[in-house]
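[1] How does the following fold in three dimensions:
(one chain, ligands or ions: 3)
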Amino acid sequence: MASFSTLFSTLILTIALLSFSCSSQQFFSPVEKDPITNLFSTLLWVGTEPTHEFNFVIDIGGPILWYDCNKAYNSSTYNPISCESKHCTNDAGCTSCNGPFKPGCSNNTCGANIINPLVDAIFSGDTGSDALFIPKSKIKVSDFISGCTDSNAFADSADSDFPLKNLPKTSKGILGLARTPLSLPKQLSLAPFKLLNKFALCLPSSNNLGSLFIGGVGSSLSKFQLTKVPLVINPFSTAPIFTDGDASYEYFIDVKSIKVGGEVLSFKSSLLSIDNKGNGGTKLSTMKSFTVLHSSIFKPLVRDFTKKASDKKIKKVASVAPFDTCFDLSTIGKTNTGLDVPTIGLVLEGGVEWTIFGGNSMVLVSKNVACLGFVDGGKEPRTAVVIGGHQLEDIVLEFDLVSSKLGFSSSLLLQNASCSNSNSVNKMVKSSESFISVE
Ligand SMILES: *[C@@H]1O[C@H](CO)[C@@H](O)[C@H](O)[C@H]1NC(C)=O
Ligand SMILES: *[C@@H]1O[C@H](CO)[C@@H](O)[C@H](O)[C@H]1NC(C)=O
Ligand SMILES: *[C@@H]1O[C@H](CO)[C@@H](O)[C@H](O)[C@H]1NC(C)=O
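    Numbers count the residues shown, from 1 in each chain. Ligands and ions are numbered 1, 2, ... in the order given. A predicted model of the protein is given here:
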């Protein structure tokens, strides 16, 4: 009786595989903004028996997904990646451990560099594969390769440079979405899922949930029109650790000039190009809450912004750290795109403009004061313009690694919309039974 049930499950599997190979599919995961750190995170589940529900900070410039496999962590489906594996880049050496065996303690294991950009240290860890669940999409990825580190091993060090330091209290790791072989979009672009190697973000400005889509813009966001510009490859690594000759895996775009209130800002425009050491240029980062500018761009920006604000009878008040330029809220009008302040425009290839309205430029620091949400990056930052989280909220961003393009919408506030989706706040019941698993 090579039975009906075998036949039936083969049929189901075939249907599942067929529906996965038509690659216009996206996997959704809700995005939460932490009010203390202003970082964005998403819930994913890792491992089995038990499955761990972890909150991961989203780092679009991070090379891998990593999590805390401390003393209390174990998983029966974990497999260490050996040092000889083709998945092992060998840039973090080979690790060994005296047991007992568990994730983060095994022999001949491919090391992982555990990077938390908010800490001035790189932590050692292991590379392993385990089940990863994207709960909201009911997707189980059986052999997802990630890094893990035992936070207990670092916790006693004197000044406690701890892998999870400065992340939201509830976070247990970082979801890196950079242009790397082990990023989540790249791994899901391979068999069996074969999604397009793209991801999209709609970052919320409130405590309602936004969206992360792996595989490209999901249907709930497809009504917003995207302007596409090339993603630029910086031929010099901007990572805290790298091998000579490595290109940067972060996302750069070519900003040609910057406008304030419609007028081009004057500064040394060569700062906007990437020089022969990889300095300069413009990148996007979800690990900086506010856009950081080279001093030689920051100073004229603040000067022109203040001048144009004063033309609108907006009154300047004392600065409030980390911001330089703050205003009396009662003197600023309101529009549907936020406070009525001079716009800031990033002029991109082909004259395309990314316009930043009050909702993305201004930060309310108290009941009466709103500040320009840009910070001074000093005279020698590696990258001249780092567009931070606050400036990325309430717009749709699509990172398309197939065509190497960034798609961006205008502020959703212009269309009386936002990235906050109040309907998706309900938590899921933790059960991995009904998950779609493709072997
Ligand atoms: C972790 O789980 C594995 C597989 O279930 C088991 O063999 C191992 O003994 C466990 N390790 C610890 C330290 O509990
Ligand atoms: C790793 O190898 C060392 C030395 O051979 C051995 O003492 C240890 O028990 C091994 N650890 C595990 C987890 O197998
Ligand atoms: C958005 O709302 C404002 C005020 O309620 C209205 O004037 C405007 O026409 C709306 N815009 C769109 C695109 O719906």
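
[2] what's stretch 80-91 in contact with?
    94, 103, 106, 108-110, 113, 126-129, 145, 181-182, 241-243 (C-beta atoms under 8 Å, 6 or more residues apart in numbering). All C-beta spots, glycine's among them, are computed from the backbone N, C-alpha and C.

[3] At the contact with ligand 1, which residues of the stretch 101-250 of the chain appear?
    Residues of the stretch 101-250 of the chain lying close to ligand 1 (C-beta under 6 Å from any ligand atom) are 101-102.

[4] Now the stretch 101-250 of the chain against ligand 1: closest residue?
    Nearest residue of the stretch 101-250 of the chain to ligand 1, counting by C-beta to the nearest ligand atom: residue 102, 4.1 Å away.

[5] what bridges to that residue?
    residue 105 (DSSP bridges).

[6] 741 is where my numbering starts, stick with that
    Will do, 741 is the new start, and the previous item becomes residue 842.

[7] quick one: contacts for it?
    Neighbours of residue 842 in contact, by C-beta under 8 Å, 6+ apart: 809, 813-815, 818.

[8] Who wins on neighbours among these?
    residue 809 (30 neighbours; other C-beta atoms under 10 Å).

[9] Please list all residues in contact with that residue.
    842-844, 866, 888-890.

[10] quick check, nearest of the residues you listed to residue 1138?
    Using C-beta to C-beta, residue 888 is the member of these that lies nearest residue 1138, at 29.5 Å.

[11] which SSE is the closest one in?
    strand 879-889 (DSSP states H and E).

[12] State the pair within the contacts of residue 842 that is farthest apart.
    Among these, 813 and 818 lie farthest apart (C-beta to C-beta), at 9.3 Å.

[13] Mind picking the two most distant members of the contacts of residue 809?
    Farthest pair in these, by C-beta to C-beta: 842 and 889, 12.8 Å.

[14] hey, which helix or strand in the protein has the poorest pLDDT?
    helix 744-761 (a mean of 43; mean pLDDT, DSSP states H and E).

[15] Can you list the helices and strands that whichever helix or strand comes after that one packs against?
    Under the assignment DSSP H and E, the closest C-terminal helix or strand after helix 744-761 is strand 767-773. Judged by 3 or more C-beta pairs under 8 Å, 6 or more residues apart in numbering; DSSP states H and E, strand 767-773 is in contact with strand 780-786, strand 862-874, strand 950-954.

[16] contacting residues around the last one?
    Residues from elsewhere that reach strand 950-954, judged by C-beta under 8 Å, 6+ apart: 766-773, 780, 782, 798, 874, 924-925, 928, 935, 938-944, 958, 960-961, 1159-1161.

[17] Tell me how many other residues surround the residue of the stretch 741-890 of the chain found nearest ligand 3.
    Proximity of the stretch 741-890 of the chain to ligand 3 (C-beta to the nearest ligand atom) peaks at residue 773, 23.4 Å away. For residue 773, the count of nearby residues is 22 (other C-beta under 10 Å).

[18] thought it was touching residue 941?
    No. If you go by C-beta atoms under 8 Å, residue 773 and residue 941 don't touch, sitting 11.9 Å apart.

[19] re the thing from before, would you show me how to pick out the buried ones of the contacts of strand 950-954 in PyMOL?
    Buried members of the contacts of strand 950-954, defined by 16 or more other C-beta atoms under 10 Å, are picked up in PyMOL with:
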select buried, resi 766+767+768+769+770+771+772+773+780+782+798+874+924+925+928+935+938+939+940+941+942+943+944+958+961+1159+1160+1161
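
[20] Also within reach of ligand 2: list those from the contacts of strand 950-954.
    Of these, not one also sits near ligand 2 (C-beta under 6 Å from any ligand atom).

[21] residues in contact with the closest residue to residue 1009 other than its chain neighbours?
    Using C-beta to C-beta, 6 or more residues apart in numbering and skipping residues adjacent in sequence, the residue nearest residue 1009 is residue 997, 6.7 Å away. Contact analysis of residue 997 by C-beta under 8 Å, 6+ apart lists 1004-1005, 1009, 1012, 1087.

[22] got a winner among these for most neighbours?
    residue 1012 leads these on contacts (other C-beta under 10 Å) with 21 neighbours.

[23] From ligand 3, how far out is that one?
    33 Å (C-beta to the nearest ligand atom, to the nearest Å).

[24] got the phi/psi numbers for that residue?
    phi -80, psi -10 (degrees, to the nearest 10).

[25] same thing with the one 5 residues further on?
    Recorded main-chain torsions at residue 1017 are phi -120, psi 0, according to degrees, to the nearest 10.

[26] Can you tell me the number of residues neighbouring it?
    So residue 1017, with other C-beta under 10 Å, has 9 neighbours.

[27] That one reaches residue 976, doesn't it?
    Yes. Judged on C-beta under 8 Å, residue 1017 makes contact with residue 976 at a distance of 6.3 Å.

[28] hang on, the earlier thing: mean confidence (pLDDT) on the strand holding residue 888, please.
    Strand 879-889 comes out with an average pLDDT of 95.

[29] Check stretch 1030-1047 too.
    For stretch 1030-1047, the per-residue pLDDT averages 97.

[30] now stretch 1095-1113
    In the prediction, stretch 1095-1113 has an average pLDDT of 96.

[31] which residues sit in contact with residue 918?
    So residue 918 contacts 799-803, 989-991 (C-beta under 8 Å, 6+ apart).
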